[in-house]
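In: Got a predicted structure here, sequence first:
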2 protein chains.
Amino acid sequence: MPAVHLHDLPTPALIVDVEAFSHNVDTMAAALPGPRLRPHVKAFKSTALAHELAVAGHRGFCCATVREMAGMAAAGLGEDLLLANETLDVRRLQTLTTASDARLTVAVDSDETVEAALRGGITEVVIDVNVGLPRCGCPPEDAGRLADAARAGGLGVRGVMGYEGHLMTEADDQAGKVEEAMARLLAAHDAVGGDIVSGGGTGTYAVNRWVTEIQAGSYTLMDSHYGATGLPFRQALHLWCTVISADPRGRWAVADGGLKALGMDHGPPSIDGAKVWFVSDEHITFSAVDGAELPGLGDRVRVVPAHVDPTVAYHDQLNVIRDDEVVDVWRVDLRGW
Amino acid sequence: MPAVHLHDLPTPALIVDVEAFSHNVDTMAAALPGPRLRPHVKAFKSTALAHELAVAGHRGFCCATVREMAGMAAAGLGEDLLLANETLDVRRLQTLTTASDARLTVAVDSDETVEAALRGGITEVVIDVNVGLPRCGCPPEDAGRLADAARAGGLGVRGVMGYEGHLMTEADDQAGKVEEAMARLLAAHDAVGGDIVSGGGTGTYAVNRWVTEIQAGSYTLMDSHYGATGLPFRQALHLWCTVISADPRGRWAVADGGLKALGMDHGPPSIDGAKVWFVSDEHITFSAVDGAELPGLGDRVRVVPAHVDPTVAYHDQLNVIRDDEVVDVWRVDLRGW
């Protein structure tokens, strides 16, 4: 690829600082080598990025959608794919299992999802257990019965998963609360059997000692929400914007990234040395803080997203930079469903 | 197209109720016929939908990005396109003006944006005026000078625009506040000249009597934010989801649409008869309210987005339904930048 400088990129553009990214990948691989981590592709939706994690030793992956499963399989990353989510879409599963020779495991939490897996041609499942987050997952006391039903139908049951998502940024006795949640998962595992106890995420990877594998993805790129929790990962993802308008009296400036380039559920993004006033469809209005200089017309600004997953999902590529030079482009090729 | 029933659509899927859509288009066309409305494509990002508005008599359009301008021009909808936004991206403008014989007008609010327009091959501009929203737009008292500079550079100056975005859902004396904002725009117009005084939006279309054309797009599809303001438009857009998990004790259910399918800056979406607890990347957890029945596993639910523009930008198509049958598919072909 010919050398492209960061300042030559049209804006808004998502950029990945490869040094920070590599630091994050190395830090996690040292803490959770190889199969101790099952990276979650939902955070970045890119087979090119996933390939970097496979090179770092993680060969099994989590997905949140059938589309992600299909894309990973098609990219040759299908050694051990876990759909860590429920689906009742038999047709999509049939298309997936017919097209692919990847190892495909899906989570189930009801007789109906077991039935859908069977009809979809799936051969292996994990029992998804509710460990305290009211979302997917069966009650722990129902896990054994569900595993029996799955096995009776002819499915291999590889174990259990349970996501303590409500504890990812818990500041008050996180370890104790994770232990309590994982006690439910381990009780379910006693009744289910199998090799896999899967759970956790970027926010609990260091304290969750009870699972056989951690499901984490955000650590690769990070966001301001996780960044505020003291994790040892660096901010590798930015939205690169241009100042396209500025108040002549210097009270505010306007960057050309907005609601269609940033996941907003965790609140507005951040800009170093600036206070973000509000975000519109294609704009961020901000002022300078603490005597910092307000950028001028045409200046570029690095915007830090508050939530990585829904930010990446708006974009079709990640521009990978080293020393302000674009050294690679990773397609965001796993979007949609 | 073979008949596809709504219940055959894989989920999550964006659906447009064509009866509600037609009601909205007809209602607006009656209030603001033909060139009195310059529909804003940023709300729906679809040339197929824009074509419906052209058929309804609106032949000029607003865009928020150069990508939207290029796509509209390529789709044969370039009779009179206004980039109602600032850009300093000379290369993108050059690509646009070289590739297209559409009528292309861009907003400018600084000497730098005038210069970019000139270098980009643009021949006509409007002066963007700050009417009270601290975002783009020059101070009203600078508009005349900027118009002179643009004309001196060889640009045609077609008039002014000013967006009273801060008043779209104003409940307290909206008409009075819009009049005040528009007084600034009219003062600028006195100094600038030209035929166009462009402004307004879905929330002020009925009270803004001072502009020659209203810039509105959300009215076509609507969202719960605008829906709460008593406008005469119907909710035409829904996210169609499947219940994929449910608490066995009936306390909550989980639908398969989430943060990557819904713009969240205006808050969580709504479901009739339900209280939304929280939204995750691919899930909405909700409970029943007021004695309503909680949907069961496999049931479909209609989710009403809180903000239409960033919701549509996550999707690649709008499934158009009439009486629960899919009668058309409108590609969301104007995404990106």
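Out: That came through, no problem.

In: Just give me the residue closest to the centre of chain A.
Out: By Cα atoms, centre = their mean, chain A has its centre lying nearest to A:Ala43, at 2.0 Å.

In: what's near enough to touch that one?
Out: A:Ala43 makes contact with A:217-218, A:220-221, A:308-309, A:312, according to Cβ atoms under 8 Å, 6 or more residues apart in numbering or on different chains. Heads up, the C-betas are built off the backbone N, CA and C, glycines and all.

In: Tell me the secondary structure of the closest residue in space to A:Val66 that isn't next to it in sequence, please.
Out: Counting by Cβ to Cβ, 6 or more residues apart in numbering or on different chains, A:Val66 lies nearest to A:Arg92, which is 4.5 Å off, once chain neighbours are set aside. Put simply, A:Arg92 is helix when judged by DSSP: H, G, I helix; E, B strand; the rest coil.

In: about what we covered before: any figure for the gap between the nearest residue to the residue nearest to the centre of chain A once chain neighbours are set aside and A:Ile271?
Out: Nearest residue to A:Ala43, sequence neighbours excluded (Cβ to Cβ, 6+ apart): A:Gly217, at 3.0 Å. A:Gly217 is 25 Å from A:Ile271, where distance means Cβ to Cβ, to the nearest Å.

In: cool, and A:Ala149?
Out: Taking Cβ to Cβ, one finds A:Ala149 at 52 Å from A:Ile271.

In: So if I had to pick from those two, which one is more boxed in?
Out: When neighbours are counted by other Cβ atoms under 10 Å in any protein chain shown, A:Ala149 and A:Ile271 differ, and A:Ile271 comes out ahead with 24 against 17.

In: So which elements touch the longest strand seen in chain A?
Out: The residue-count maximum for a strand in chain A (DSSP state E) belongs to strand A:237-246. Under the contact definition 3 or more Cβ pairs under 8 Å, 6 or more residues apart in numbering or on different chains; DSSP states H and E, strand A:237-246 sits against strand A:13-17, strand A:253-255, strand A:300-304, helix A:308-312.

In: mean confidence for that strand?
Out: The average pLDDT within strand A:237-246 is 98.

In: for stretch A:93-113, same thing?
Out: Here the average pLDDT along stretch A:93-113 is 97.

In: Let's verify the residue lying farthest from the centre of chain A: helix, strand, or coil?
Out: In chain A, the residue that sits farthest from the middle, by Cα atoms, centre = their mean, is A:Arg249; the gap is 41.3 Å. Classification of A:Arg249 using three-state DSSP returns coil.

In: Give me the pLDDT for it.
Out: pLDDT for A:Arg249: 95.

In: residue ranges for the helices of the stretch 101-250 of chain A, please.
Out: A:111-119, A:143-153, A:174-192, A:224-227 (DSSP state H, counting those that start in this stretch).

In: The residue nearest to A:Cys241 when sequence neighbours are not counted - how many residues pack around it?
Out: In space, A:Cys241 comes closest to A:Ala255 once its chain neighbours are excluded; the distance is 3.8 Å by Cβ to Cβ, 6+ apart. A:Ala255 has 30 neighbours, counted by other Cβ under 10 Å.

In: likewise A:Glu325?
Out: 12.

In: mind checking how far it is from A:Thr123?
Out: 46 Å.

In: Likewise for A:Pro10?
Out: From A:Pro10 to A:Thr123 the distance is 46 Å (Cβ to Cβ).

In: what do you get for A:Glu19?
Out: Taking Cβ to Cβ, one finds A:Glu19 at 42 Å from A:Thr123.

In: Then A:Asp8?
Out: A:Asp8 is 49 Å from A:Thr123, by Cβ to Cβ.

In: which of those two has more neighbours?
Out: More crowded of A:Asp8 and A:Thr123, by other Cβ under 10 Å: A:Thr123, with 14 against 10.

In: Excluding chain neighbours, what is closest to the more buried one?
Out: Per Cβ to Cβ, 6+ apart, closest to A:Thr123 is A:Gly156, 6.0 Å.

In: again with A:Tyr205
Out: A:Ile214 (4.8 Å).

In: show me what contacts A:Phe21?
Out: Counting by Cβ under 8 Å, 6+ apart, A:Phe21 has contacts A:52, A:220-221, A:236, A:320.

In: Give me the ChimeraX select line for those, limited to the buried ones.
Out: Buried members of the contacts of A:Phe21 can be picked out in ChimeraX with the line below, counting by 16 or more other Cβ atoms under 10 Å in any protein chain shown:
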select /A:52,220,221,236,320
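
In: Nearest to chain B among the contacts of A:Phe21?
Out: Distance to chain B across these (Cβ to the nearest Cβ) is lowest for A:Leu221, with 14.1 Å.

In: so the closest one sits right up against A:Ala236, yeah?
Out: Yes. Using Cβ atoms under 8 Å, A:Leu221 makes contact with A:Ala236 at a distance of 5.0 Å.

In: any common contacting residues for these two?
Out: A:16, A:21, A:24.

In: Kindly present those as JSON lines, with separate columns for pLDDT and distance to B:Cys241.
Out: Shown next, in JSON lines, are the shared contacts of A:Leu221 and A:Ala236 (pLDDT from 0 to 100; distance: Cβ to Cβ, whole Å):
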{"residue": "A:Val16", "pLDDT": "98", "distance to B:Cys241": "31"}
{"residue": "A:Phe21", "pLDDT": "98", "distance to B:Cys241": "33"}
{"residue": "A:Asn24", "pLDDT": "98", "distance to B:Cys241": "33"}
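
In: still on that earlier bit, do you know which of the helices of the stretch 101-250 of chain A lies nearest A:Leu133?
Out: helix A:174-192 (8.4 Å; Cβ to Cβ).

In: on that earlier part again, dig out what the residue nearest to A:Thr123 forms beta bridges with.
Out: The partner list for A:Gly156 in beta bridges (DSSP bridges) reads A:Glu124.

In: list the contacts for it?
Out: Counted by Cβ under 8 Å, 6+ apart, A:Gly156 has contacts A:123-125.

In: Also A:Asp333?
Out: A:Asp333 neighbours (Cβ under 8 Å, 6+ apart): A:45-48, A:71, A:75.

In: Dump the helix or strand hosting A:Ser22 to PDB, restricted to CA.
Out: Per DSSP states H and E, A:Ser22 falls inside helix A:18-31. Taking C-alpha atoms only, helix A:18-31 is exported to PDB below (Å, rounded to 0.1, in the frame of the first residue of the first chain):
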ATOM      1  CA  VAL A  18      -1.300  -0.100  16.100                       C
ATOM      2  CA  GLU A  19       1.200   0.400  19.000                       C
ATOM      3  CA  ALA A  20      -1.600   0.800  21.500                       C
ATOM      4  CA  PHE A  21      -3.500  -2.100  19.900                       C
ATOM      5  CA  SER A  22      -0.400  -4.400  20.100                       C
ATOM      6  CA  HIS A  23       0.100  -3.400  23.700                       C
ATOM      7  CA  ASN A  24      -3.400  -4.400  24.400                       C
ATOM      8  CA  VAL A  25      -3.200  -7.700  22.600                       C
ATOM      9  CA  ASP A  26       0.200  -8.600  24.200                       C
ATOM     10  CA  THR A  27      -1.100  -7.600  27.700                       C
ATOM     11  CA  MET A  28      -4.100  -9.800  27.400                       C
ATOM     12  CA  ALA A  29      -2.200 -12.700  25.800                       C
ATOM     13  CA  ALA A  30       0.200 -12.600  28.700                       C
ATOM     14  CA  ALA A  31      -2.600 -12.700  31.200                       C
END
